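>>> Need coordinates for the below:
(chains A, B, C and D)
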Protein chains: 2
Amino acid sequence: MIIQEADNEGCTSCIYSSPIFEGLNEEELAFLARTSSQGFYRKSEVIFNENDEIQRFCFLKLGLLKLSKKDEEGKCHIINIAKPNDCIGLLSVFSNTRYNYTLTALEDSIIYYVDLAALKSILSENGQFGIKMLARISQAADKVINTTFEINNKNLRGRIAYILLDFAENIYKKNIFESPVSRKELGQLIGMTTENVIRILSEFRKDGIIEISGKTIKILKPDFLHTLQRHA
Amino acid sequence: MIIQEADNEGCTSCIYSSPIFEGLNEEELAFLARTSSQGFYRKSEVIFNENDEIQRFCFLKLGLLKLSKKDEEGKCHIINIAKPNDCIGLLSVFSNTRYNYTLTALEDSIIYYVDLAALKSILSENGQFGIKMLARISQAADKVINTTFEINNKNLRGRIAYILLDFAENIYKKNIFESPVSRKELGQLIGMTTENVIRILSEFRKDGIIEISGKTIKILKPDFLHTLQRHA
DNA sequence: CGCGGCTTTGATGTTCATCAAGTAAAGTGG
DNA sequence: CCACTTTACTTGATGAACATCAAAGCCGCG
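Okay, the predicted model is just below:
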């Protein structure tokens, strides 16, 4: 990982252009930019670990990340996949001093860091900005809770259908894409064993619902997946 | 349900004494109190429904509530149980215009309502208060996410152990208590069928781990439940 | 007092995890 | 760059855990 200081090219302008900081005035933006930095991470690099101390507020500029957590038996579960402009660890930043989750890059990623104290100082002066942050945090939490809810109420076929559609519709906006995660990680994401992920993907392939070649997945019958997902 | 206006006895002082509004000055508290009201609900009364419009910020003064949601097949799931001073629907208030969940009283309950616009106006002026709200919302979300996570990773025995300990340790702070929910609701809360809830409770009773008489549950061997909960 | 919902127990069946075993791919060190 | 090791992927067979179905007693409520 490489960290660049704030004054280098790119970083300042990214604070300025981020939708997260929309509504802040020139002075506030400049103040934030002075305490900010950016990190470049390669695919599969760990950005922070469960239980690491929270020092900075961070958000994803480019790439794709996974938020994961180990259960009592040491088995890993993926809580969420973060897309650009998602505030990462949003759920812990204001309430905890340590992360509840481990953050790992699924693709090469760029992350912007803002000093927490600086952010809080802006927040304490600018209530409107605070309200926006409340909305943002609230939405992020809702999303995690809802996704978990939906996945839990589906059988295995429904879960695979759900996640394939999620990738196609929300992340890649295309019916053909490279899966950002391995079969094993897919299992960790939707709560099933690797073997069953593979079995059901194969089944969908044989049934002509999808095409698979390695990590590339093409959805041939999205409507069919929608039905599966809804009913199961 | 009965709604009392702000100026009646009790309500104003409750805004003043609530930990949620700690740190607000006299003027701010008075402003909030002017737009506030309280509602009394009987056990099993519905306070709001999934998809109702959000008009007010509310928090539980006294009693116990359940937050529930129906899945696509119409099956009900309990997302969370709210205790006094929990901000209710906290997860939707700042991001949505409608509730994601249905709120129902599990015991006779008193709820305080604060006008959302009034709250936002305070928030926009008082950034420190906003930061506290961020922490609070963040904590509430964390709690829901963590609980769901833990329950999902346990087998049925572990889930029953978990929820019995949760009631005993976090809600009633006693090893003997009246279950606030029916067997059916227990199932909805920890994701299992009513039949299996009953089966496992009976098993625990036969094994001398608990005593049951109707809704009254006495935990005889809490250590045993802790072990069960951890390992399964 | 009778009806509907809650509770309980037993029998049955399905879904899914686990185990096993083999191939392919990807990373590692000499 | 090749041998080696590890990790990912795949398929099949088995068994356990859990849901579903059925039936009967219980309780509260109108």
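
>>> Quick check: beta-bridge partners of residue A:114?
residue A:57 (DSSP bridges).

>>> can you count the residues close to it?
22 (other Cβ atoms under 10 Å in any protein chain shown). C-beta: built from backbone N, CA, C; applies to glycine.

>>> Now do it, the pLDDT please.
On pLDDT, residue A:114 comes in at 92.

>>> and what of residue A:146?
Confidence for residue A:146, expressed as pLDDT, is 95.

>>> In chain A, where's the longest helix?
Longest helix in chain A by number of residues (criterion: DSSP state H): helix A:127-152.

>>> Give me the buried stretch members for that helix, please.
A:127, A:129-134, A:136-142, A:144-145, A:147-148, A:150-152 (16 or more other Cβ atoms under 10 Å in any protein chain shown).

>>> Stretch A:53-68 now?
A:54, A:56-61, A:63-68.

>>> is any part of it close to DNA strand D?
No. Stretch A:53-68 is not in contact with DNA strand D by Cβ under 7 Å from any atom of the strand; minimum separation 12.8 Å.

>>> I'd like the average pLDDT over that stretch.
pLDDT averaged over stretch A:53-68 gives 93.

>>> gap between it and the chain center?
Taking Cα atoms, centre = their mean, to the nearest Å, the mean C-alpha location of stretch A:53-68 is offset from the chain mean by 8 Å.

>>> Output it as CSV - backbone C-alpha positions only.
Presented in CSV, the C-alpha positions along stretch A:53-68 are these (Å, rounded to 0.1, in the frame of the first residue of the first chain):
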residue,chain,number,x,y,z
GLU,A,53,-8.0,1.3,16.0
ILE,A,54,-10.1,3.8,14.1
GLN,A,55,-8.0,6.8,13.3
ARG,A,56,-9.5,8.2,10.2
PHE,A,57,-12.7,8.5,8.3
CYS,A,58,-12.4,6.8,5.0
PHE,A,59,-14.3,6.5,1.8
LEU,A,60,-13.8,4.5,-1.4
LYS,A,61,-12.9,6.6,-4.5
LEU,A,62,-12.3,3.8,-6.9
GLY,A,63,-12.4,0.0,-6.8
LEU,A,64,-14.4,-2.5,-4.8
LEU,A,65,-14.0,-3.7,-1.2
LYS,A,66,-15.4,-6.3,1.0
LEU,A,67,-16.3,-5.9,4.7
SER,A,68,-16.0,-9.2,6.6
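
>>> relative orientation of the strand or helix carrying residue A:187 and helix A:127-152 in degrees?
According to DSSP states H and E, residue A:187 maps onto helix A:183-190. Calculated by axes from the mean of the first three to the mean of the last three Cα atoms, to 10 degrees, helix A:183-190 forms an angle of 110 degrees with helix A:127-152.

>>> Disregarding flanking residues, what is the spatial nearest neighbour of the spatially most central residue of chain A?
What sits nearest the mean C-alpha location of chain A, by Cα atoms, centre = their mean, is residue A:82, with 1.0 Å. Excluding the flanking residues, the one nearest residue A:82 by Cβ to Cβ, 6 or more residues apart in numbering or on different chains is residue A:65, at 4.3 Å.

>>> Check the spacing between the one you found and chain B real quick.
17 Å (Cβ to the nearest Cβ, to the nearest Å).

>>> so who does the closest residue to residue A:134 other than its chain neighbours touch?
In this structure, residue A:134 finds its nearest non-sequential neighbour in residue B:94, 4.1 Å apart by Cβ to Cβ, 6+ apart. Neighbour list for residue B:94: A:131, A:134-135, A:137-138, B:137 [criterion: Cβ atoms under 8 Å, 6 or more residues apart in numbering or on different chains].

>>> For chain A, which residues score under the pLDDT cut-off?
A:1-11, A:90 (pLDDT under 70).

>>> dump the residue contacts of the closest residue to DNA strand C within chain A.
Using Cβ to the nearest atom of the strand, the single residue of chain A nearest to DNA strand C is residue A:155, 3.2 Å away. Taking Cβ under 8 Å, 6+ apart, we find residue A:155 in contact with residue A:232.

>>> Give the phi and psi angles for it, as a check.
Dihedral angles of residue A:155 (phi, psi; degrees, to the nearest 10) stand at phi -80, psi 180.

>>> And it, how far from chain B?
According to Cβ to the nearest Cβ, residue A:155 and chain B sit 11 Å apart.

>>> ditto for residue A:223
16 Å.

>>> I'd like to know how many residues surround the nearest residue to residue A:16 once chain neighbours are set aside.
Ranked by Cβ to Cβ, 6+ apart and with sequence neighbours excluded, the top spatial neighbour of residue A:16 is residue A:29, at 5.5 Å. Residues near residue A:29, counting by other Cβ under 10 Å, number 17.

>>> so what's the closest residue to chain B within chain A up against?
Closest residue of chain A to chain B, Cβ to the nearest Cβ: residue A:130 (3.1 Å). Residues in contact with residue A:130 (Cβ under 8 Å, 6+ apart) are A:123, B:123-124, B:127, B:130-131, B:133-134.

>>> at 10 Å what do you get?
Neighbour list for residue A:130: A:120, A:122-124, B:120, B:123-124, B:126-134 [criterion: Cβ atoms under 10 Å, 6 or more residues apart in numbering or on different chains].

>>> Can you get me the centre-to-centre distance for stretch A:69-80 and its chain?
16 Å.

>>> Do any residues in it lie close to DNA strand C?
No. Applying Cβ under 7 Å from any atom of the strand, one finds stretch A:69-80 separated from DNA strand C by no less than 8.4 Å.

>>> May I have the distance across that stretch, first residue to last?
End-to-end distance for stretch A:69-80, by Cα to Cα, to the nearest Å: 10 Å.

>>> Would it count as contacting chain B?
Yes. Stretch A:69-80 lies within reach of chain B by Cβ under 10 Å from any Cβ of the partner chain, at A:69-73, A:75, A:77, A:79-80.

>>> is DNA strand D contacted by that stretch?
No. Taking Cβ under 7 Å from any atom of the strand as the criterion, stretch A:69-80 and DNA strand D are apart, separated by no less than 10.6 Å.

>>> again with stretch A:144-158
No. Using Cβ under 7 Å from any atom of the strand, stretch A:144-158 stays clear of DNA strand D, coming no nearer than 9.4 Å.
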